[in-house]
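Engineer: the following comprises the amino acid sequence and a computationally predicted model.
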Amino acid sequence: MSGQHNRLALLRLGGTAGIGLCAAVLAGCGGSVQTASDRTVLIKRDSHGVPHVYAKDTYGLFHGFGYAVAEDRLYQLEMAKRSGNGSVAEVLGPNYVATDTSTRSNIDPASIRRQIDALGSDDRALFEGYAAGVNARIRDVLADRAKLLPKQFIDNGFLPVEWTADDVALVWIGLILNRFFAGTAELGNLTLLQQLQAARGEATGQALYEQMRWLEDPTAPTIVPRRPAGRAPAARREPGAGRLAPVSAQAASDFQAAQAIRLGLEAERQMPTASNAMVLAPQRTREGVAVLYNGPQQGFNNPSFVHGIGLHGAGYNVTGATPVGLPAVFFGTNGRIAWGSTVGSLDTNDLYQEALNPANRYQYRHQGGYRPMVLRTEEVRVKGEAPRRIDIYATVHGFVQSWDLANGRAYTLRSSWHGREVETLLGWAQAARARDWQQFLAQGARVSASITWFYADVAGNIGAVGLGSLPKRPTVQDIRFPARGDGSMEWEGLLPFSANPRSYNPGQGYLASWNNQIAEGLRADGANFSQVDRVAELHAQLHDAGPLSVDEVWRVAQNGALADLNARYFVPLIVKAAASLPADAPGRRAAELLMRWDFRNRAAGEIYDNNATTVLRAWLDAMVQRLLADDLPPAVLAGYTSLGYPSLTSRGSPGSVQPASAAKLIWNALRGPAAGVPQRFDFLNGKEPQALIRAALDDAVEGLTERLGPDMTRWTTPVVRHRFASSNAIGVPWAGADEQPELPLYLNLGTLNYRVVLRPGAVQMCSVAAPGQSGFVGPDGRPGRHYGDQLALLRDFGCKPERLTHAEVDADLDSTRMLRY
């Protein structure tokens, strides 16, 4: 776009004057601009500060989008941009060199530029318009720093700099794709297999591995309903890791450290898992209409990872929310359909083990000879220090993630969405224009990253589809482990979109997800899906229930947020095993605590309101010791000691708590032949399950008595508070260190929680995205009016109404601003 788009005239209006201008400029403020000039944008904010942008063309609409977000979140935007392009150390110093190095080592700016250059003018306008809108706000701020410059810039001694279209794309790639969609457990799996075989021998180690890292459990709940028994696809037998070189402990550690930088809090799970969703058909709701609920769990940050937005004009009529810095509305409604998403489980990433030339580590064997790696050298600027030069190496498969020089190997990451990053974002952006399921799927086909989309419409239809470009892998490749990079395990293309799993108007009348398995038979290296799955908290309230009111749908998520995710599996087993104990036995009395519990962890001041949670945690810990400690080497056992409960760190609250990894192993071991995963290795060591359950209960009671005394009323567990971190998912601050608000109780809810009720002609949406719409803190230290005003709403499980039509926006109008570009 030419320089004329960077010239901005700003007019502040309020009250009836603003409404009058709206009538003059827009056709009812619900669609096309009606003035002679095409370069007019109107931004109207409701009483919660949510901006609704009105413009005639795409460039103007996204110009207003960028401006409005920058008004609310300029410092956060700046740090999101630097997180995406790898320039954090330039303003925050040497502690972020490793972060910038990791970011730059996994992006290809030249490829992004080519992708943007190849776009048509309307698609390119999303990126260029958004960047121009942010830049317009930056110019306004720099022209009046005493009032408008966010305090965090002053505290850290730098100013915001202009954006480009490439910066917008790199926020998407560096902060979203490389975090939520680039995880792999393949090297972790190979390391685990080696550790088990070194400790227990080849055969026993292999048997242990198969019980700890399975690919398919037919008892695991799926998003797309399973087919009747006997009609499931035959499971493929994986060829194993025999053709791979071993991985050194140092290389495995280096890889894990690199993933920790890139994936943030999700790294310890190796594969990101975040978000829940439900869609209910009309026969499942008392109102007789389709309802969509979504709780994307993208972390608890201040400012929030997401913000509210309305876009009206240029073919858009959208209200919803989206991650900061992105020109697409990921969550919301257009008045005809509603959509949401959870992180997908399709296997779109492969790690390759490259064999290095012994005479030159920067050459690798491929197709019968050694090829040179591609080298890109970049300079990382560092505040207060000399710039650092970094070398970024890549093979035909992707960027080098880890070197294993002891074994003459390097590991590179290949993702099916590489080279399709911009197209993937555009598919998400244009889905907001869809009017029905087929148009929705047409945009989903453009999305190469693994994500599960959910759908509902005013005609009462519901659906879900697993998106992502699925590689067609050779039969010699074991998907659990790294592929050989010598050319013997190259992808044979990508499967057609018709191969992606989906469900439309299922007979059960609803679909639910909490990042569980998308469909039977679709396996992935890091999935480990099990009957022990938190989605059971949703199914338990939906499957056998009659029609629910829209408020009851909201309470399904509320109950899930409070649930002890281990309880429904193990409490009945403990109660049954303890029934044979004498009535006055301590174990029997502890079991009675569990029996009276509703499996929810609520706060009673600074402690949880039911001591049953203390008993269950102690029992699980005892079971880990009795079942696993004698069979697993210490380094492996250490990965199974976390019991799946929230904990606070300097990085804030965990974004998405789930059942313990150990819980899945214990559940399968106790079920024996009935387990979905064959139990060829006996973790029970020949003991009878109920006797083992009682023995662990005795251990738990003895330990609690020793630690807290014999009075079970004193067996309390301190409440974990809900903290909103001032840094983003990869540890980069995007607020001041003192900006970490807390709620009294951790809630396993979404970063955003919203519900759309799809009444024909009267669609309704409500949402909560704490802490608030605004992240602005003025130069004098005073926060904006909508900074933190949704904290109480989240605490109380509230839901603020969203304004979907021009009449609703005008009825709740707080301010109006007109821009010329």
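Structural biologist: Yep, it's here.
Engineer: which residues of the stretch 651-800 of the chain fall in helices?
Structural biologist: Under the criterion DSSP state H, counting those that start in this stretch, helices of the stretch 651-800 of the chain are mapped to 661-671, 689-708, 791-795.
Engineer: flag every buried residue along the second one.
Structural biologist: Right, helix 689-708. Across helix 689-708, burial judged by 16 or more other C-beta atoms under 10 Å covers 690, 692-701, 704, 708. Heads up, the C-betas are built off the backbone N, CA and C, glycines and all.
Engineer: helices or strands up against it?
Structural biologist: helix 567-578, helix 586-595, helix 612-623, helix 661-671 (3 or more C-beta pairs under 8 Å, 6 or more residues apart in numbering; DSSP states H and E).
Engineer: recalculate using a threshold of 7 Å.
Structural biologist: Under the contact definition 3 or more C-beta pairs under 7 Å, 6 or more residues apart in numbering; DSSP states H and E, helix 689-708 sits against helix 567-578, helix 586-595, helix 612-623.
Engineer: which parts of the second one are buried?
Structural biologist: It refers to helix 586-595. 586-588, 590-594.
Engineer: need the contact partners of that helix.
Structural biologist: 571, 574-575, 578, 581-582, 611-612, 615-616, 694, 697-698, 701, 712 (C-beta atoms under 7 Å, 6 or more residues apart in numbering).
Engineer: one more time with 6 Å
Structural biologist: Helix 586-595 has contacts (C-beta atoms under 6 Å, 6 or more residues apart in numbering) with 571, 574-575, 578, 581, 611-612, 615, 697-698, 701.
Engineer: average model confidence for it?
Structural biologist: Average pLDDT, helix 586-595: 98.
Engineer: show me the protein divided up by domain.
Structural biologist: Split into domains by automatic domain parsing, the chain comes to 186-277+342-537, 565-723.
Engineer: off-centre distance for the longest one?
Structural biologist: To tie it back to what came earlier, the one meant is domain 186-277+342-537. Computed by C-alpha atoms, centre = their mean, to the nearest Å, the chain-centroid distance of domain 186-277+342-537 equals 15 Å.
Engineer: show the end-to-end separation of that domain, please.
Structural biologist: 29 Å (C-alpha to C-alpha, to the nearest Å).
Engineer: stretch 510-529 now?
Structural biologist: First-to-last distance for stretch 510-529 - C-alpha to C-alpha - comes to 21 Å.
Engineer: same question, stretch 654-674
Structural biologist: 33 Å.
Engineer: can you list the residues that contact that stretch?
Structural biologist: 274, 297, 299, 530, 532, 534, 565-566, 569, 623-624, 627, 640, 643-644, 646, 675, 677, 679, 683-684, 689, 748.
Engineer: buried subset of those as a ChimeraX selection?
Structural biologist: To isolate the buried subset of those in ChimeraX, counting by 16+ other C-beta under 10 Å, use the following:
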select :274,297,299,530,532,534,565,566,569,623,624,627,640,643,644,646,675,677,679,683,684,748
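Engineer: of all the helices and strands packed on helix 689-708, which lies closest to His543?
Structural biologist: helix 567-578 (13.2 Å; C-beta to C-beta).
Engineer: other SSEs contacting the longest helix along the chain?
Structural biologist: Longest helix in the chain, counting residues (DSSP state H): helix 58-85. Under the contact criterion of 3 or more C-beta pairs under 6 Å, 6 or more residues apart in numbering; DSSP states H and E, helix 58-85 touches strand 40-46, strand 51-54, helix 121-143, helix 165-170.
Engineer: pull the contacting residues for Pro51.
Structural biologist: Residues near Pro51 by C-beta under 6 Å, 6+ apart: 43, 45, 68.
Engineer: dump those into JSON lines; add distance to Thr377 as well.
Structural biologist: Shown next, in JSON lines, are these (distance: C-beta to C-beta, whole Å):
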{"residue": "Ile43", "distance to Thr377": "43"}
{"residue": "Arg45", "distance to Thr377": "46"}
{"residue": "Ala68", "distance to Thr377": "39"}
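Engineer: export these to CSV and append columns for distance to Ala328, pLDDT and neighbour count.
Structural biologist: Output for the contacts of Pro51, formatted as CSV (distance: C-beta to C-beta, whole Å; pLDDT from 0 to 100; neighbours: other C-beta atoms under 10 Å):
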residue, distance to Ala328, pLDDT, neighbour count
Ile43, 18, 98, 21
Arg45, 21, 98, 24
Ala68, 15, 99, 30
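Engineer: next up, phi/psi of the closest residue to Gln367 other than its chain neighbours, please.
Structural biologist: Leaving aside its sequence neighbours, Gln367 sits nearest to Gly487 (C-beta to C-beta, 6 or more residues apart in numbering; 4.1 Å). Main-chain dihedrals, Gly487, degrees, to the nearest 10: phi 110, psi -10.
Engineer: ok, Gly487 - how many residues close by?
Structural biologist: Gly487: 12 surrounding residues under other C-beta atoms under 10 Å.
Engineer: report the beta-bridge partners for the closest residue to Gly798 other than its chain neighbours.
Structural biologist: Nearest residue to Gly798 in three dimensions, chain neighbours excluded: Val768, at 6.2 Å (C-beta to C-beta, 6+ apart). Beta bridges link Val768 to Asn753 when assigned by DSSP bridges.
Engineer: strands of the stretch 301-450 of the chain, start to end?
Structural biologist: 306-313, 316-323, 331-333, 337-343, 349-357, 360-366, 369-372, 374-382, 385-394, 400-404, 409-415 (DSSP state E, counting those that start in this stretch).
Engineer: would you map the helices across the stretch 101-250 of the chain?
Structural biologist: Using DSSP H, counting those that start in this stretch, the helices of the stretch 101-250 of the chain run over 109-117, 121-143, 145-148, 151-156, 165-170, 178-180, 186-200, 202-212, 249-263.
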